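K.L.:
Mind folding the following:
(one chain, ligands or ions: 3)
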Amino acid sequence: MMSKIALVLLLAVIGGSDARWYLVTSHPHVVLDVTTDPALTCKYTSGYYDFSQISRIRILKNDAGSHWELVAEVRDTSPDAPTSNTGLKVRGHVGSEWNSFLEISWPTAEMNTLGRYKCEVMGFDSDSIAVIRDTPIQLMVEDTVNATQVLHLLLREQAELQHEITEQRDNCTNTVNQLESAIDDLENRVYRMEASQRSRTWPNGLYGLLSPNTGCPNNGIDSWRTGQLKMHTESSNSTNLNSVSTPNNFAQPIFESSNSDLFMNQHFCVKENVGIFSDWPRGTYCINKRDSGSCPNGFSSGYIRFDDEDSDRATQTSGNVPEIVISGSDYQIYYCCRSDSAPGVAISLPTENPFYLYRYKGTCQRVLGMTVSQQYMYFDTEDSSNQDKYENLIHPDGMADHNVRIELCYYR
Ligand SMILES: [Ca+2]
Ligand SMILES: [Ca+2]
Ligand SMILES: [Ca+2]
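P.N.:
Numbers count the residues shown, from 1 in each chain. Ligands and ions are numbered 1, 2, ... in the order given. This next block holds a predicted model:
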């Protein structure tokens, strides 16, 4: 009884279902340009077998009217080589009913994807009678609701990107601000360091200074070479009047003798580096002129002629000395002098070490931060037919007439 009812139900299921082949879609609704790999597969589903042999499976499309257009097919002549008229991706197989199928797919849903599709299966039944089965129509429909959601997603993504761009721009602005601040700090440090170095550095140019007994100014920035002029003074007369002020700070030794020759020394510092900061300041003072060169900016040059001892020419220079020229039986020492600001108006020069300037036009130049004292050197030059002289007014204060006196300003 029970098995009889079951058989009736089974027959009812088979009899009530003509369609055993279906065209199945992977996506009931597609979103154009968004849904990927939408596919339609024509295949046997379940139930009673119609075909003992399948010869062809075709997928057809109906855009409008009653005309069905061939989209793809697979035949038993090439059971594993399905073809597509429209260049779609196609897979398929023709064999027994349960493993035969035909499938078309698109990389992304496009306008061409949309439409009405059906599948047509052709073959023979067990009595070798030709059978054709059409599947129900399958629609590929655009999903407008999902399109709106996707649009929202895209808009949200756009907003997030815009936010990120703004953040990055802010970060960039912060970085630029930080760099600008760092540059400002650096500029301030350079400015302070430059100001510090400027105040410690000797003025630009090449020149000489008379050396004090503490040596050449040692600031760690400028470089100096040293030398001396050992002048042979009056040695043939019974008296020699060589002298220097007391106290003084001249580099030693000042006086020397050799047999009956009497000498008086001038020790010099000769600057080796041109410098990069300031020119000599306006004022009223002299310095020594460099050898075979010109005076620094703002100075004029002149010389003092010393008539050294004629009887035994023993004057000599050693090391690096300023411009000292032999002229006949005399020596000319060259100077650079200026008088373009009153000597009482203090000038700025490095104050780390003592130094000498030559007095010019009667008063020692004032220097900021330094105490100044006047000192002199007195050379007893040749007594006989003396040729001491100045070329013009451009020379340190003193005298040049049978003996030479040079007025100096010592700063400490
Ligand atoms: Ca002489
Ligand atoms: Ca003499
Ligand atoms: Ca003399």
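K.L.:
Tell me which residue in the stretch 151-300 of the chain sits closest to ligand 2.
P.N.:
S236 (3.8 Å; Cβ to the ion). Every residue, glycine included, has its C-beta placed from N, CA and C.
K.L.:
Quick check: which element contains the nearest residue to that residue once chain neighbours are set aside?
P.N.:
Spatially, and ignoring its direct neighbours in sequence, S236 is nearest to S311 (4.4 Å; Cβ to Cβ, 6 or more residues apart in numbering). Using DSSP states H and E, S311 maps to neither a helix nor a strand.
K.L.:
before we move on, what about P281?
P.N.:
Residue-wise, P281 maps onto no helix or strand under DSSP H and E.
K.L.:
ok so, going back, can you count the residues close to the residue nearest to S236?
P.N.:
S311 is flanked by 14 other residues according to other Cβ atoms under 10 Å.
K.L.:
Please determine how far it is located from I324.
P.N.:
21 Å (Cβ to Cβ, to the nearest Å).
K.L.:
What's the per-residue pLDDT of the residue nearest to S236 here?
P.N.:
As predicted, S311 sits at a pLDDT of 92.
K.L.:
How about residues contacting stretch 244-264?
P.N.:
With contact meaning Cβ atoms under 8 Å, 6 or more residues apart in numbering, stretch 244-264 is reached by 210-215, 230-235, 240, 242, 265, 267, 309, 312, 314, 354, 356, 374-380, 410, 412.
K.L.:
Does the residue of the stretch 151-300 of the chain closest to ligand 2 touch D308 like I think?
P.N.:
No. Using Cβ atoms under 8 Å as the test, S236 is too far from D308 to be in contact (11.7 Å).
K.L.:
what does this structure have sitting close to ligand 3?
P.N.:
Residues of the chain lying close to ligand 3 by Cβ under 5 Å from the ion are E234, D380, T381, D383, H402, N403.
K.L.:
From P136, how far out is the residue nearest to S236?
P.N.:
The gap separating S311 from P136 is 142 Å, by Cβ to Cβ.
K.L.:
Checking my notes, Q162 in a helix, right?
P.N.:
Yes. Assessed by DSSP: H, G, I helix; E, B strand; the rest coil, Q162 belongs to a helix.
K.L.:
Model confidence for it, exactly?
P.N.:
Note on Q162: pLDDT of 90.
K.L.:
same deal with the one 5 residues further on?
P.N.:
At E167, the pLDDT value in this model is 89.
K.L.:
Which single residue in the stretch 101-250 of the chain comes nearest to ligand 3?
P.N.:
E234 (4.7 Å).
K.L.:
where does that residue land on pLDDT?
P.N.:
Taking E234 on its own, its pLDDT is 97.
K.L.:
any chance you could map the strands in the stretch 301-412 of the chain?
P.N.:
With strands called from DSSP state E, counting those that start in this stretch, the stretch 301-412 of the chain shows them at 316-319, 324-327, 330-339, 355-358, 372-379, 389-390, 398-400, 404-411.
K.L.:
Now do the last one, average pLDDT.
P.N.:
This points to strand 404-411. Mean pLDDT, strand 404-411: 98.
K.L.:
contacts for stretch 335-343?
P.N.:
Residues contacting stretch 335-343 (Cβ under 8 Å, 6+ apart): 207, 280-289, 295-296, 298-304, 347, 358, 360-361, 363-366, 394-396.
K.L.:
Got a quick ChimeraX command for the buried subset of those residues?
P.N.:
Remark: buried members of these, expressed as a ChimeraX selection using 16 or more other Cβ atoms under 10 Å:
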select :207,280,281,283,284,285,286,287,288,289,295,296,299,301,302,303,304,347,358,360,363,364,365,366,394,395,396
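K.L.:
Name whatever forms a beta bridge with L210.
P.N.:
L210 has these beta-bridge partners by DSSP bridges: F268.
K.L.:
any idea how far K118 is from it?
P.N.:
Going from L210 to K118 by Cβ to Cβ gives 118 Å.
K.L.:
more neighbours, the two?
P.N.:
Each of L210 and K118 has its neighbours counted (other Cβ under 10 Å); L210 has more, 23 against 19.
K.L.:
Surely that one is in contact with H267?
P.N.:
Yes. Contact criterion Cβ under 8 Å: L210 and H267 qualify, at 7.1 Å.
K.L.:
Now do the buried residues in stretch 333-345.
P.N.:
I333, Y334, Y335, C336, C337, R338, S339, P343.
K.L.:
any idea which of those residues is closest to K389?
P.N.:
I333 (12.2 Å; Cβ to Cβ).
K.L.:
hang on, the closest one packs against D308?
P.N.:
No. I333 is beyond contact range of D308, at 11.2 Å (criterion: Cβ under 8 Å).
K.L.:
wait, what's in contact with C119?
P.N.:
W21, Y22, L23, C42, I57, R58, I59, L60, L102, D134, T135.
K.L.:
Am I right that it is in a helix?
P.N.:
No. Using three-state DSSP, the secondary structure at C119 is strand, not a helix.
K.L.:
Excluding chain neighbours, what is closest to it?
P.N.:
That would be C42: by Cβ to Cβ, 6+ apart, it lies 3.4 Å from C119.
K.L.:
Equivalent analysis for T239, please.
P.N.:
Leaving out its chain neighbours, the residue that sits closest to T239 by Cβ to Cβ, 6+ apart is D380, at 8.0 Å.
K.L.:
tell me the domain boundaries of the protein?
P.N.:
Split into domains by automatic domain parsing, the chain comes to 19-145, 207-411.
K.L.:
How about the longest one and ligand 1, touching?
P.N.:
Yes. Interface with ligand 1: domain 207-411 contributes D307, D308, D310, S329, E382 (Cβ under 5 Å from the ion).
K.L.:
so the last one touches D307, yeah?
P.N.:
Yes. Counting by Cβ under 8 Å, a contact exists between E382 and D307, whose distance comes to 4.3 Å.
K.L.:
which residues are in contact with both of those two?
P.N.:
Joint contacts of E382 and D307 (Cβ under 8 Å, 6+ apart) are S329.
K.L.:
Run a quick neighbour tally on V71.
P.N.:
20.
K.L.:
One more: A314?
P.N.:
Quick note: A314 (other Cβ under 10 Å) scores 17 neighbours.
K.L.:
And the pLDDT at S327?
P.N.:
In this prediction S327 is given a pLDDT of 92.
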